[in-house]
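S.K.: Predicted model follows, preceded by the sequence.
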Amino acid sequence: MPSVGRISSQLGLQLALMLAWILLYQSAELLEYSPHASLWYPPAALSFAALTLFGLRAFPALLLVCFLVSVSHFQRFHPAEQIPYAAAILPAMAHSLSYLLGALLLRILIQSGRVNYSGTLVAYLILAAIAALLAAYSGAWSLQLAGLITQSERLAIWLGWWIGDLVAILSLSPFLVLLLDRFTSKTIAAQAPWLLQHGHGPRHSFLLKLVLCLLLLTFSMLLAHQVRAQEITFLILFLSLPAMWLVYTESIWRSFSGLAVISLAIVLLTALLELDSYAAIYQFTIAMIAVAMLYGTAVPLLQNTNQQLQRSLHTDPLTGVLSRQGFIEQANLLLGRAGRRKDKVCLAVLDLDHFKQVNDLLGHQIGDEVLQQVCQTLQRQLRQQDLLGRFGGDELMLLLPDTDTREASKICERLRLSIEQLHIAAAGQQVTASFGICEQQSDESFNQLFARADKTLMQAKQRGRNRIETILADQSATD
Ligand SMILES: Nc1nc2c(ncn2[C@@H]2O[C@H](COP(=O)(O)OP(=O)(O)OP(=O)(O)O)[C@@H](O)[C@H]2O)c(=O)[nH]1
């Protein structure tokens with residue numbers, strides 16, 4: 001049985017949705033540029049957002065509020081006619097069922113986990129367009145069926161309704177989904193925290209970009225108001241420049257909020273400056289900016305994913321030190337710079353002694369632990385400019401900038417001792433390592449230097465292990 005708490009929270013949700021819907025409906029009425037036609041129709045955005053977020057749970061509230069609003073509409077606009085109030089159920093169902101269908105399909109797609117963020121955006125745009133079309137067309141039909149409008153009136157209004165609904169959904173519903181989630185279920189916040197993450201920059205930089213968008217659109221609309229020439233109204237399309245800057249550099253939450261504010265500002269200014277004759281241009285602008293901004297939100301995510309991939313490519317997953325590729329890339333940079341400046345650089349290659357036995361006797365898990373502890377010990381003792389990487393298996397590499405062979409030998413001797421003194425309880429035996437050290441010869445590449453250091457390591461192994469062998473710049477490993 002549902003608990004009292006759940007019932008009251010359900011009731012709270014239904015009431016809050018109904019109240020919010022009525023408020024948005026009233027605001028849309030105030031901003032109509034011609035009877036029953038608004039640049040955007042925010043109740044449609046709330047319906048689509050609520051049904052996407054809550055699914056069927058949001059349906060009763062939306063159906064009821066649409067019915068009540070239709071009844072009051074009938075009373076206000078057709079007081080003399082005898083219309084059964086039951087007929088108000090038709091437009092209510094046309095609206096609620098159309099958006100339920102679009103939102104449920106979108107939910108199923110998201111919950112299947114088969115689409116990524118960009119795919120979700122595409123699905124959202126297609127389903128929003130279809131649902132808005134269904135809502136507008138069936139809504140107009142329902143009024144004709146109720147005898148409130150004629151066939152020619154129906155044909156004249158459905159297209160405007162479709163575009164008005166769609167523009168609102170595109171510009172407001174992504175913001176409303178995140179806002180509703182914040183105050184209710186917090187499902188998105190838990191499952192996709194990156195959607196709500198705050199931007200990469202401070203809040204004032206986001207506000208600056210938003211103010212820039214608002215200034216540009218205010219300027220272009222004031223100019224259109226003064227000049228009253230259609231060409232001037234297209235100036236507003238330059239809004240896409242700061243809008244895309246905002247989207248590429250800020251979080252999704254900030255981008256969606258920015259989009260909602262921008263669309264509201266365009267609608268308000270169209271009404272305030274009496275630019276109704278250019279309504280189609282401004283409606284088109286909102287739709288275009290909305291689609292561009294929505295797609296644009298995928299860019300910072302892709303950049304983040306790329307950075308993460310780069311990081312994981314450059315990090316050895318077991319030990320956390322540089323991977324072979326990460327080490328080679330950084331070493332090549334350091335070696336190139338040292339070669340140009342004639343600075344001394346040493347490469348040390350070290351390999352654990354009889355590590356196979358550790359694995360064979362104690363298992364790979366303990367072997368892994370030994371590798372991790374050795375790397376931690378080395379990392380702790382190295383300077384910030386030194387590089388530590390894993391070549392593979394139990395072989396590690398150290399690049400020591402501004403270090404000659406003598407100094408590198410001292411450093412490696414210290415490291416060798418610290419490995420020897422490492423008490424790895426689980427291993428139950430001493431762990432040792434052998435080192436081969438080489439100093440870079442003039443213009444020597446990483447591969448050449450590594451080949452010499454590796455040969456030197458072989459000598460250390462052959463000469464009894466747990467020791468350091470060095471090779472001077474003008475010697476060869478086979479000397
Ligand atoms: N636990 C663990 N073992 C690894 C990993 N990668 C490689 N090994 C093992 O490390 C051992 C490397 O052995 P070698 O370096 O060839 O030989 P060794 O026993 O250390 O003997 P010497 O190097 O001659 O002193 C092999 O048994 C590999 O299976 C790893 O990621 N984890």
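M.R.: Received the coordinates, thanks. Numbering: from 1, shown residues only.
S.K.: Check which helices and strands the helix or strand hosting residue 174 sits against.
M.R.: For residue 174, the element it lies in under DSSP states H and E is helix 151-183. Here helix 151-183 touches strand 37-38, helix 42-54, helix 117-145, helix 187-191, helix 252-272, helix 279-296, going by 3 or more C-beta pairs under 8 Å, 6 or more residues apart in numbering; DSSP states H and E. Where you see a C-beta, it was placed from the backbone N, CA and C, and this is true even at glycine.
S.K.: ok, residue 222 - contacts?
M.R.: If a contact means C-beta atoms under 8 Å, 6 or more residues apart in numbering, then residue 222 has residue 273 as its contacts.
S.K.: Turn the helices and strands packed on helix 151-183 into a markdown table, columns for mean pLDDT, distance to residue 314 and mean neighbour count.
M.R.: Converted to a markdown table, the helices and strands packed on helix 151-183 look like this (pLDDT from 0 to 100; distance: least, C-beta to C-beta, whole Å; neighbours: other C-beta atoms under 10 Å):
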| stretch | mean pLDDT | distance to residue 314 | mean neighbour count |
| --- | --- | --- | --- |
| strand 37-38 | 79 | 53 | 22 |
| helix 42-54 | 96 | 39 | 28 |
| helix 117-145 | 95 | 25 | 19 |
| helix 187-191 | 77 | 29 | 13 |
| helix 252-272 | 95 | 27 | 22 |
| helix 279-296 | 95 | 28 | 20 |
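S.K.: As TSV, these with distance to the ligand would be great.
M.R.: Output for the helices and strands packed on helix 151-183, formatted as TSV (distance: least, C-beta to the nearest ligand atom, whole Å):
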stretch	distance to the ligand
strand 37-38	64
helix 42-54	45
helix 117-145	34
helix 187-191	33
helix 252-272	38
helix 279-296	42
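S.K.: Go through the ones you listed and name the closest to residue 3.
M.R.: helix 42-54 (18.4 Å; C-beta to C-beta).
S.K.: What's the first helix or strand after the closest one?
M.R.: According to DSSP H and E, the helix or strand after helix 42-54 is helix 59-77.
S.K.: Name the nearest residue to residue 355, ignoring sequence neighbours.
M.R.: Once flanking residues are discounted, residue 355 sits nearest to residue 394: 4.1 Å by C-beta to C-beta, 6 or more residues apart in numbering.
S.K.: and that neighbour, how many neighbours does it have?
M.R.: Counted by other C-beta atoms under 10 Å, the residues lying close to residue 394 total 21.
S.K.: quick one: least confident helix or strand in the protein?
M.R.: When the helices and strands of the chain are scored by mean pLDDT, DSSP states H and E, strand 32-34 comes last with a mean of 74.
S.K.: Quick one: distance of it to the chain centre.
M.R.: Here strand 32-34 shows a centroid-to-chain-centroid distance of 37 Å under the convention C-alpha atoms, centre = their mean, to the nearest Å.
S.K.: again, but for stretch 371-383
M.R.: Counting by C-alpha atoms, centre = their mean, stretch 371-383 comes out at 35 Å from the chain centroid.
S.K.: Helix or strand for the residue of the stretch 351-479 of the chain found nearest the ligand, just tell me which one.
M.R.: Residue nearest to the ligand within the stretch 351-479 of the chain: residue 367 (2.5 Å; C-beta to the nearest ligand atom). Element membership of residue 367, judged by DSSP H and E, is helix 364-381.
S.K.: Format the helices and strands packed on helix 151-183 as JSON lines; extra columns: distance to residue 389.
M.R.: JSON lines is the format used below for these (distance: least, C-beta to C-beta, whole Å):
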{"stretch": "strand 37-38", "distance to residue 389": "62"}
{"stretch": "helix 42-54", "distance to residue 389": "47"}
{"stretch": "helix 117-145", "distance to residue 389": "34"}
{"stretch": "helix 187-191", "distance to residue 389": "36"}
{"stretch": "helix 252-272", "distance to residue 389": "36"}
{"stretch": "helix 279-296", "distance to residue 389": "37"}
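S.K.: so which of those gets nearest residue 328?
M.R.: Comparing these by C-beta to C-beta, helix 117-145 comes nearest, at 32.9 Å.
S.K.: Which strands or helices does that closest one pack on?
M.R.: Checked by 3+ C-beta pairs under 8 Å, 6+ apart, helix 117-145 has helix 42-54, helix 89-111, helix 151-183, helix 279-296, helix 298-314 packed alongside it.
S.K.: Check those helices for me and report the most buried one.
M.R.: Mean neighbours per residue, mean count of other C-beta atoms under 10 Å, is largest over the helices and strands packed on helix 117-145 for helix 42-54, with a mean of 28.
S.K.: Could you quantify the relative orientation of that one and helix 117-145 as an angle?
M.R.: Here the directions of helix 42-54 and helix 117-145 differ by 130 degrees (axes from the mean of the first three to the mean of the last three C-alpha atoms, to 10 degrees).
S.K.: mind listing what's buried in the helix holding residue 367?
M.R.: By neighbour count with 16 or more other C-beta atoms under 10 Å, helix 364-381 contains the buried residues 366, 367, 369, 370, 371, 373, 374, 375, 378.
S.K.: Need the residues that contact stretch 232-247.
M.R.: Stretch 232-247 has contacts (C-beta under 8 Å, 6+ apart) with 206, 209-210, 212-213, 216-217, 219-221, 223-224, 254-255, 258-259, 262, 266, 275, 278, 281-282, 285, 288-289, 292-293, 296-297, 299-300.
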